[in-house]
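Following is a predicted model, sequence given first.
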There are 2 protein chains.
Amino acid sequence: MLNPASDAFLEALAETLPADTLRPAAEAYRSDPRGRWTGTGSTVALPRSTAEVATIVAACNAARVGIVPWGGGTGLVGGQLLPEGPAPLILSLERMTATRGLYPAESVLAVEAGTILAHAQTQATEAGFLFPLSLASQGSARIGGLLATNAGGLNVLRYGNARDLTLGIEAVMADGSIFHGLKRLRKDNTGYDLRHLLIGSEGTLGIITAASLRLFAIPARTVTALLTTPSPETALRLLALAQKRLSGMVSAFELIHRTGFDFLTETLPDVTQPFATPPDWSVLIELGLPSGLNADEAMASLYAEADDLSLVTDGVIATSQAQATQLWRLREMIPEANRRIGAVSSHDISLPLSAIPDFIAKAPAALARIDSFRINCFGHLGDGNLHYNVFPRPGKTRKDHEAQREPIKTAIHDLVDSMGGSVSAEHGIGRLKVADLERYADPAKLHAMRAIKAALDPNGILNPGAVLRASGI
Amino acid sequence: MLNPASDAFLEALAETLPADTLRPAAEAYRSDPRGRWTGTGSTVALPRSTAEVATIVAACNAARVGIVPWGGGTGLVGGQLLPEGPAPLILSLERMTATRGLYPAESVLAVEAGTILAHAQTQATEAGFLFPLSLASQGSARIGGLLATNAGGLNVLRYGNARDLTLGIEAVMADGSIFHGLKRLRKDNTGYDLRHLLIGSEGTLGIITAASLRLFAIPARTVTALLTTPSPETALRLLALAQKRLSGMVSAFELIHRTGFDFLTETLPDVTQPFATPPDWSVLIELGLPSGLNADEAMASLYAEADDLSLVTDGVIATSQAQATQLWRLREMIPEANRRIGAVSSHDISLPLSAIPDFIAKAPAALARIDSFRINCFGHLGDGNLHYNVFPRPGKTRKDHEAQREPIKTAIHDLVDSMGGSVSAEHGIGRLKVADLERYADPAKLHAMRAIKAALDPNGILNPGAVLRASGI
């Protein structure tokens, strides 16, 4: 059972820290981007160093006060706020933005957890490298939160998820001890991989304070194309062909359904669309190629071969950076168009690649048993990751379907689960999907997770109620 | 405190299993490749299915009988045998070699844990793919053991360690419950990553029974070269240059010291050597290139640029498969030459890439304080992984240096640790390096490891004494 972060506790804690480390928490620390929750906790701690983080965590552990770690506040599943229970201390590492080291000979950048993703990207670029983690919120998301949630994004197909980009982490454990794991090693088989356990644990097992990140060579040339394809099945065959021919050079492979173009037309008519009639299915492909490989030829020969196999029906291959940007803008504005239409229910799911056509064929029938909807199915096809979002028909609003939100979610998630998929591909569990985890997770995994949580955070102070249900918060 | 696998226990267990599941353990199950230990345990369990593994583990857990999981028996750190304490039950999954599924559209192969690595490679090849995990013992090492130890090998630079090649695992936990995690997902953020925790835990947290493995496109063309380079520092600059120019296409980058060639001359004179005078330092580079990229041109232009920067002094670029095989044979026979010379002490270490020249400069002085030795420093430079092996001078034998083995190991490991390196890059901890782990591991990590072990295997039955010290075995 946790105690609230009382005035007495906060005053005593403040005495052990430099002035101005604790502050009243502005509203931003208690809200989320989709406006779904309001968090509790009146105070935010803003430490400047790992040692200060350790002091704060140790004090909270001793007093049984919950800590809600707050990264950039961009999470979509409520991992960054606690809507109920004894007031926690909010912990933001936004002051910890130092670069611990840039190692060009190793292709490594080590930064503190408060570093904003876009700043890490810029540092890499200025040193002549690519840091490939890339997602819509990169201007505000911070490295600590991105690792805590094992962020995905646009380049997972080629470079992996956030965990795959991380050689080492430094973290503060629940008892306030510091895990000095900021290694820069490609191989290290000395015991259990605490790094991989903490990454993706959403701040429930430790507070990541710094990370050493892998950098990559910037491709000599990038080619972008938007190709139309008859079906999800042909889209997948096109992906397999591209991987076969251009192994390791396909940076992005994004699926777009006609509904995405329709939504853009309806809500953002200024976005230039390349096709007079929106195609049912299209894919946005980006290739990043080394020097020595003729980029135009590579895309043209892929297109020609795909055409022979009837995998493509039409397409635009960008011939300038401006045109490439325009194609990417289409993809990037779809979430904004979705917001303007207003989803009844959004699903961040993943499936084994070969199950995707079957899922896309079956899901509409499952929804039709509930009501009539518009579906925008798009996402990172290369990763098997679909954003399968359900919208009202014209003339209706999301409010009209309020009561159907749960049944819709259950219908989609049940289908995903029955096909060996995941009900949270990249957004995590947070507090939104705790019940989903309980429903769909393998029981042995859930049992192990609870045992690990109890072992590493016996007082349950770290992000209470996120990922795993907490009693008495 | 564990109980021995008594006759009564084994008889009762045999009753719950199909005939011939338990057998007297042949000597092979109680020995290791370097002949360092003799294991205890008179019985080996040879289950045919995951359900049978679960039955066995549950029975051992109930009776507090230790289990020593045995993969292919190729481990070098004694993880596969228990030299002391109450006799354990040896558990081999060698009968579990089924293919759970081959998914060409997903580039995935799911196999049971008893599958021999070479067989998995062949299956992949026959389906038109590459399974890149590759190491000397691939003809006998099995997938379960390779994952339990997070095996490395020759292609880590490009494709990652065993963990990076694994999308999902099925495993039996200490209480006999089955973790059904044989997923084939590229993105799955539903809770703690049990897969990454079990991989590399050396059978101390669960028994991996099956895995879904990532397959890759076979490069259209492979180019191999042996280039001489002035120093480890220029070797690293050559690596950085190759990564810059041919990002993601450098499959191997192996360092060879003159001592390696000398050892071959002394013990295996039939191995053809390309240089009249063995160079002080050379690197074996393999590029795997896609179609469309001129392979000879790629290697030639890399060589030319490296030459301009004085990073190479000479070299052989293989012009035929036979010549490439001959170059690889040099590298592959060095461990055999080492065995014939007879090492006083072998070290499987890794370092941050940029620390390697400094380490190679400093280590001989640390050893010279102990005695006079020959050093063979070779390994997977691209991964920062050196096999830094210490040999007697001519006229002496390893026996003469017996008493110096511990001081040598300590001198090397202390230096590695002081430079942010790892004292076990790819071989694991097993039983050989338990004291090293205690000496060098971050205390917070060690504390967390012990807490996790106690939480997931409260009776301590799984591979007792491996990785973490066990009391009373």
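Ah, there it is.

any chance you could map the helices in the stretch 101-250 of chain A?
Under the criterion DSSP state H, counting those that start in this stretch, the stretch 101-250 of chain A contains helices at A:117-126, A:143-148, A:156-159, A:194-198, A:232-245.

And the ones you listed: which comes nearest chain B?
helix A:194-198 (3.5 Å; Cβ to the nearest Cβ). Quick note: C-beta positions are derived from backbone N, CA and C, even for glycine.

Save the helices of the stretch 101-250 of chain A as TSV, and put in mean neighbour count and distance to chain B too.
Below are those laid out as TSV (neighbours: other Cβ atoms under 10 Å in any protein chain shown; distance: least, Cβ to the nearest Cβ, whole Å):
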stretch	mean neighbour count	distance to chain B
helix A:117-126	17	13
helix A:143-148	31	10
helix A:156-159	24	6
helix A:194-198	24	3
helix A:232-245	21	5
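
any chance of the ones you listed in a markdown table, with distance to B:Val416 too?
Shown next, in a markdown table, are the helices of the stretch 101-250 of chain A (distance: least, Cβ to Cβ, whole Å):
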| stretch | distance to B:Val416 |
| --- | --- |
| helix A:117-126 | 28 |
| helix A:143-148 | 26 |
| helix A:156-159 | 29 |
| helix A:194-198 | 19 |
| helix A:232-245 | 38 |
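
and those as a markdown table, adding mean pLDDT?
Formatted as a markdown table, the helices of the stretch 101-250 of chain A follow (pLDDT from 0 to 100):
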| stretch | mean pLDDT |
| --- | --- |
| helix A:117-126 | 98 |
| helix A:143-148 | 98 |
| helix A:156-159 | 96 |
| helix A:194-198 | 98 |
| helix A:232-245 | 96 |
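
nearest to B:Leu91, of these?
When these are compared by Cβ to Cβ, helix A:194-198 sits nearest B:Leu91, at 24.9 Å.

for that closest one, packing partners?
The helices and strands touching helix A:194-198, judged by 3 or more Cβ pairs under 8 Å, 6 or more residues apart in numbering or on different chains; DSSP states H and E, are strand A:166-173, strand A:178-181, helix B:194-198, helix B:443-456.

Would you mind saying which of those lies nearest A:Thr267?
Nearest of the helices and strands packed on helix A:194-198 (Cβ to Cβ): strand A:166-173, 37.1 Å.

if we can go back for a sec, could you redo the helices and strands packed on helix A:194-198 as CSV and give each row distance to A:Leu154?
Shown next, in CSV, are the helices and strands packed on helix A:194-198 (distance: least, Cβ to Cβ, whole Å):
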stretch, distance to A:Leu154
strand A:166-173, 18
strand A:178-181, 28
helix B:194-198, 23
helix B:443-456, 33
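
Return the residues of the stretch 351-473 of chain A in contact with chain B.
Contact residues, the stretch 351-473 of chain A versus chain B (Cβ under 8 Å from any Cβ of the partner chain): A:351-354, A:380, A:382-385, A:420-429, A:433, A:436-437, A:440-449, A:451-452, A:454-456, A:467-468.

How many residues are close by A:Ser140?
Close neighbours of A:Ser140, defined as other Cβ atoms under 10 Å in any protein chain shown, add up to 15.
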